[in-house]
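Peer 1: Next input, structure requested:
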Amino acid sequence: MLSFIVRRILASILTLLVASFLMYVLAANSGNPLQDLQGSNAPNAQLLIGQRIERLSLDVPPPLRWFGWIAGAAGCLVPFATCDLGTDLNYTPVTALLPGAVASTVRLVSASTILAIIFGIITGIVSALRQYSAFDFGMTFVSFFLYSLPSFLAAVLLKEFIAIDFNNWLSSGDSSFGIVPTVVIALVIAFIMQALVAGDLRKRLISFVIAGAATAALLTYLDASNWFQQPGLGAVGLLLLIGGTVFAATAVMAGFGNRRALIGASVAGVLAYASYFVLQGLFAISTVWTIGILGLATLAVCFVAGWLIGGPDRGQVIRVTMLVGFLSSLLVVADRYMQAWPAYLASPRINNRPIATVGEQTVGLSGDMWLTGLDTFTHFLLPTISLTLISFAGYTRYARAGLLEVLNQDYIRTARAKGLTERTVITRHAFRNMLIPITTIVAADIGVLLGGALITERIFAISGMGALFNISLGRVDVNPIMGYFLVIAITAILFNFLADLSYALLDPRVRVK
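Peer 2: The predicted structure is shown next:
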């Protein structure tokens with residue numbers, strides 16, 4: 001294991017050196033970094049040109065300049081050394097530019113990546129299990145449509161039909177769905193649910209009616225309670241959602257035959273529901289660090305509860321208990337954010353038009369973590385949806401194809417022949433091996449995504465890594481380009497290394513040597 005890590009580190013360093021040299025030379029020769037000053041009519045233009053040449057060593061050939069850059073960049077990889085990535089054309093240190101750009105990009109792509117992976121894998125699994133059904137054909141069409149949809153078009157459509165229309169709807173004072181939208185949404189949900197249900201026509205019709213009626217009733221309640229102006233889960237809604245989380249997690253991960261798992265999940269759900277009443281006072285004075293500490297404490301308590309309840313299958317009980325505790329805690333925190341929604345809408349800076357179309361935050365808006373959190377959410381909502389839709393399509397197809405391939409393997413037939421339930425065959429045997437090719441795809445995508453979605457960041461005016469690279473490339477500003485390259489290269493190498501380690505966890509036949 002140690003020799004494997006050492007070899008990978010040495011190979012990564014060699015790769016970084018060669019790639020950075022090529023990147024530096026290509027970027028430096030891509031244009032004239034003095035073009036803006038040479039075309040200037042300022043009386044001190046020549047003085048500024050000479051100053052830039054001297055401070056950025058532009059009179060030195062790019063291959064030789066690279067040695068100076070790599071000497072400063074080496075300090076970024078060595079603990080307690082000075083990190084010097086040079087300055088941009090305005091003499092601002094690159095180390096001061098990167099943190100803000102990286103933070104914006106991480107906020108943008110982290111949620112979209114996680115959502116795309118989760119929903120893509122779930123949808124792919126369901127499509128594979130319902131192969132050639134209406135749901136499978138429908139998701140195949142949606143996946144190919146989203147995969148071919150240009151990112152700029154997706155962003156523009158989201159701005160028009162979600163941001164502008166939703167804001168107009170809220171600010172109009174009549175925030176109700178109406179009969180026609182309610183019926184349309186209910187029919188769409190009912191069609192999806194009946195497609196998910198296996199069985200004959202009678203069972204699917206029953207599912208269609210129940211799902212449609214439940215959706216229509218829920219939308220009618222939301223209209224009557226003015227939910228979009230004053231949202232919230234409340235004690236009753238939170239109880240129902242936590243209860244559904246308990247039963248869903250137990251059914252999928254362990255099955256109701258595992259009583260210990262059901263008890264552990266129930267304990268986690270009860271603790272989360274009790275925290276809803278106990279922590280309201282603390283939430284009023286909370287910070288991000290408070291929520292983080294509470295989250296870690298929740299996972300620790302759930303781990304101990306699963307350990308004590310676990311019995312012979314302790315690992316599975318711990319996983320179920322911790323998952324329920326985590327999801328239920330998210331519901332409690334989401335409810336507290338919803339409580340801050342009316343104050344956010346009433347802010348003069350928002351004026352009942354909460355969904356932002358540009359920027360990363362509302363200028364001049366101040367408040368506690370709940371208000372600022374909502375502001376961040378509304379600004380990153382549309383770009384996150386845009387990136388999620390595009391990435392979701394690929395993960396759906398890979399997950400479907402991977403599971404179908406695994407289900408045809410001999411060991412799956414052997415597991416079924418032993419009398420194992422279909423849930424056990426899928427979750428304990430097929431799912432784990434299906435993740436092996438997806439792990440490779442995720443590792444490759446992380447570096448690309450952290451590089452910034454250039455088009456999405458440009459459309460939504462987000463100052464992330466993509467915007468930094470695009471602006472710097474247009475100005476032939478080499479040092480920021482190389483700072484961008486360093487972050488992306490290290491991230492790609494790190495996640496590919498983690499992917500190699502994940503293979504050994506997912507497949508017992510793989511050994512890291």
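Peer 1: neighbours around the closest residue to K159 other than its chain neighbours, how many?
Peer 2: Nearest non-adjacent residue to K159, counting by CB to CB, 6 or more residues apart in numbering: T357, 5.0 Å away. C-betas here are computed from N, CA, C, even on glycine. Neighbourhood size, T357 [other CB atoms under 10 Å]: 19.
Peer 1: I'd guessed D84 sits against T95; true?
Peer 2: Yes: in this structure, D84 is within contact of T95 by CB atoms under 8 Å, at 7.5 Å.
Peer 1: I'd guessed the residue nearest to K159 sits against L382; true?
Peer 2: Yes: with contact defined as CB under 8 Å, T357 reaches L382; the gap is 6.8 Å.
Peer 1: picking up where we left off before, helix/strand/coil for the residue nearest to K159?
Peer 2: Three-state call for T357 (DSSP: H, G, I helix; E, B strand; the rest coil): coil.
Peer 1: where does it fall, phi/psi-wise?
Peer 2: phi -110, psi -20 (degrees, to the nearest 10).
Peer 1: Okay, and L158 sits in which element?
Peer 2: helix 151-158 (DSSP states H and E).
Peer 1: same for that helix, what does it pack against?
Peer 2: Applying 3 or more CB pairs under 8 Å, 6 or more residues apart in numbering; DSSP states H and E, we find helix 151-158 packed against helix 369-407, helix 454-459.
Peer 1: what comes up buried for that helix?
Peer 2: Along helix 151-158, these residues count as buried under the neighbour rule (16 or more other CB atoms under 10 Å): S151, A154, A155, L158.
Peer 1: that older thread, give me the common contacts of T357 and L382.
Peer 2: Contact criterion CB atoms under 8 Å, 6 or more residues apart in numbering; residues shared by T357 and L382: K159, A163, F460.
Peer 1: Mind checking which of those are buried?
Peer 2: Counted by 16+ other CB under 10 Å, the shared contacts of T357 and L382 give K159, A163, F460 as buried.
Peer 1: Report the two of the buried residues of helix 151-158 separated the most.
Peer 2: Greatest spacing in the buried residues of helix 151-158, by CB to CB: S151 and L158 (10.6 Å).
Peer 1: Common neighbours of the two, please.
Peer 2: By CB under 8 Å, 6+ apart, the residues touching both S151 and L158 are S386.
Peer 1: okay but A443 is in contact with N496, surely?
Peer 2: Yes: using CB under 8 Å, A443 is in contact with N496, at 5.0 Å.
Peer 1: which helices and strands sit right next to the helix or strand hosting R314?
Peer 2: In the assignment (DSSP H and E), R314 maps to helix 314-339. If contacts are counted by 3+ CB pairs under 8 Å, 6+ apart, helix 314-339 sits against helix 234-253, helix 259-278, helix 288-310, helix 369-407.
Peer 1: tell me the angle it makes with helix 288-310.
Peer 2: Interaxial angle, helix 314-339 versus helix 288-310 (axes from the mean of the first three to the mean of the last three CA atoms, to 10 degrees): 150 degrees.
Peer 1: average model confidence for helix 314-339?
Peer 2: Averaging pLDDT along helix 314-339 yields 92.
Peer 1: which residue is nearest the middle of the protein?
Peer 2: Closest to where the C-alpha atoms of the chain average out (CA atoms, centre = their mean) is A111, at 2.2 Å.
Peer 1: Break the chain down into its domains, please.
Peer 2: 1-131+384-513, 176-225 (automatic domain parsing).
Peer 1: Do me a favour and average the pLDDT over the longest one.
Peer 2: Domain 1-131+384-513 shows an average pLDDT of 83 in the prediction.
Peer 1: Then the shortest one?
Peer 2: Taken as a whole, domain 176-225 has a mean pLDDT of 84.
Peer 1: what's the spacing between that domain and its chain's center?
Peer 2: Relative to the chain's own centre, domain 176-225 is displaced by 29 Å; criterion: CA atoms, centre = their mean, to the nearest Å.
Peer 1: Check the first one too.
Peer 2: On the basis of CA atoms, centre = their mean, the separation between the geometric centre of domain 1-131+384-513 and that of its chain is 14 Å.
Peer 1: re earlier: JSON lines please, covering the helices and strands packed on helix 151-158 and showing mean neighbour count and distance to V60.
Peer 2: JSON lines is the format used below for these (neighbours: other CB atoms under 10 Å; distance: least, CB to CB, whole Å):
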{"stretch": "helix 369-407", "mean neighbour count": "21", "distance to V60": "40"}
{"stretch": "helix 454-459", "mean neighbour count": "20", "distance to V60": "30"}
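Peer 1: So for I263, which of these sits nearest?
Peer 2: helix 369-407 (30.6 Å).
Peer 1: Report how many residues lie close to F4.
Peer 2: By other CB under 10 Å, 14 other residues sit near F4.
Peer 1: and if you look at V478?
Peer 2: Neighbour tally, V478, other CB under 10 Å: 29.
Peer 1: same question, the one 5 residues further on
Peer 2: Summarising burial for G483: neighbours were counted as other CB under 10 Å, giving 27.
Peer 1: Nearest residue to it in space, please, no chain neighbours.
Peer 2: G483 sits nearest to V94 (CB to CB, 6+ apart), 4.2 Å away.
Peer 1: Likewise for S329?
Peer 2: Leaving aside its chain neighbours, S329 sits nearest to T298 (4.9 Å; criterion: CB to CB, 6+ apart).
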